[in-house]
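Undergrad: structure of the sequence below:
(2 chains)
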Amino acid sequence: QQQVKQSPQSLIVQKGGIPIINCAYENTAFDYFPWYQQFPGKGPALLIAIRPDVSEKKEGRFTISFNKSAKQFSLHIMDSQPGDSATYFCAASKDYKLSFGAGTTVTVRA
Amino acid sequence: NAGVTQTPKFQVLKTGQSMTLQCAQDMNHNSMYWYRQDPGMGLRLIYYSASEGTTDKGEVPNGYNVSRLNKREFSLRLESAAPSQTSVYFCASTLAPGGNQPQHFGDGTRLSIL
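TA: Numbers count the residues shown, from 1 in each chain, chains lettered A, B, ... in the order given. The predicted structure follows:
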């Protein structure tokens, strides 16, 4: 079974809206939590990442919120643009391996 | 700067045929990975190579073999393809071993097995 549970499967927002993607994990040994962005026909690309000793990290319009006690983390896309339309994957790392969530397809309508 | 290059981009096989997927990186990375991506499943690690000369099983290794040919190249082989192996396959590389390293992905090989 998947070690990282991601929701929702898809979401649609209007331009300027704030899509929020949530992920949850059980294994407390995970020590690094990246988000990857994937456009159709392309491979995933690292977007932003956080370590469990930090509660929030911002890079441009992308923000990760991390709740260690709840074993949950989320991605917020501020002031979303049509160019942000993509599939987003959360992941969690232990040793050499990344465990990915199932992905969320975000559509930003102009 | 090509990054990670995968060949072929598309392939259709019949059940029982064999096939090797090729991956090469030009970033002088030490570690390389093979994933498969299926709808609703995210990416699942098949095999990885922490450094040249080493390979290890990932989450879903059954039905696959790998070869780390040199530092640049990491191939994935299906000895006897099955319809359950229909998927999009991604190769990735990192500068050093470890899941906390940014993974650089190729654009994938779309494989259909009839």
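
Undergrad: C-alpha from now on. contacts and neighbour counts both.
TA: OK.

Undergrad: can you pull out the helices in chain B?
TA: Assigned by DSSP state H, chain B shows no helices.

Undergrad: and it, which residues reach chain A?
TA: Residues of chain B found near chain A (CA under 8 Å from any CA of the partner chain) are B:39-45, B:50, B:58, B:90, B:97-100, B:102-108.

Undergrad: let's see it at 6 Å
TA: Within chain B, the positions near chain A by CA under 6 Å from any CA of the partner chain are B:40-43, B:98-100, B:105-107.

Undergrad: now which of these would you call buried?
TA: By neighbour count, with 16 or more other CA atoms under 10 Å in any protein chain shown, these hold B:42-43, B:98-100, B:105-107 as buried.

Undergrad: of these, which belong to strands?
TA: B:42-43, B:105 (DSSP state E).

Undergrad: closest one to residue B:3 out of those residues, please.
TA: residue B:105 (8.1 Å; CA to CA).

Undergrad: what's the nearest residue to that closest one if we skip its chain neighbours?
TA: Leaving aside its sequence neighbours, residue B:105 sits nearest to residue B:92 (CA to CA, 6 or more residues apart in numbering or on different chains; 4.2 Å).

Undergrad: and the one you found, how many residues sit next to it?
TA: As a burial measure, residue B:92 scores 28 neighbours (other CA atoms under 10 Å in any protein chain shown).

Undergrad: so who does residue A:20 touch?
TA: By CA atoms under 6 Å, 6 or more residues apart in numbering or on different chains, the contact list for residue A:20 reads A:75-76.

Undergrad: report the separation between it and residue A:51.
TA: Distance, residue A:20 to residue A:51, by CA to CA, to the nearest Å: 19 Å.

Undergrad: what's the answer for residue B:5, then?
TA: Separation of residue B:5 from residue A:51 (CA to CA) stands at 30 Å.

Undergrad: swap in residue A:81?
TA: For residue A:81 relative to residue A:51 (CA to CA), the value is 27 Å.

Undergrad: and if you look at residue A:44?
TA: According to CA to CA, residue A:44 stands 20 Å off from residue A:51.

Undergrad: residues contacting the closest residue to residue A:39 other than its chain neighbours?
TA: In space, residue A:39 comes closest to residue A:86 once its chain neighbours are excluded; the distance is 5.1 Å by CA to CA, 6+ apart. By CA under 6 Å, 6+ apart, the contact list for residue A:86 reads A:38-39, A:105-106.

Undergrad: what bridges to residue A:86?
TA: Note on residue A:86: beta-bridge partners by DSSP bridges are residue A:106.

Undergrad: how close does it get to chain B?
TA: Distance of residue A:86 to chain B, given as CA to the nearest CA, to the nearest Å: 14 Å.

Undergrad: local confidence estimate at that residue?
TA: Reading off the confidence values, residue A:86 has pLDDT 98.

Undergrad: repeat for residue B:40
TA: 85.

Undergrad: nothing else from me, thank you.
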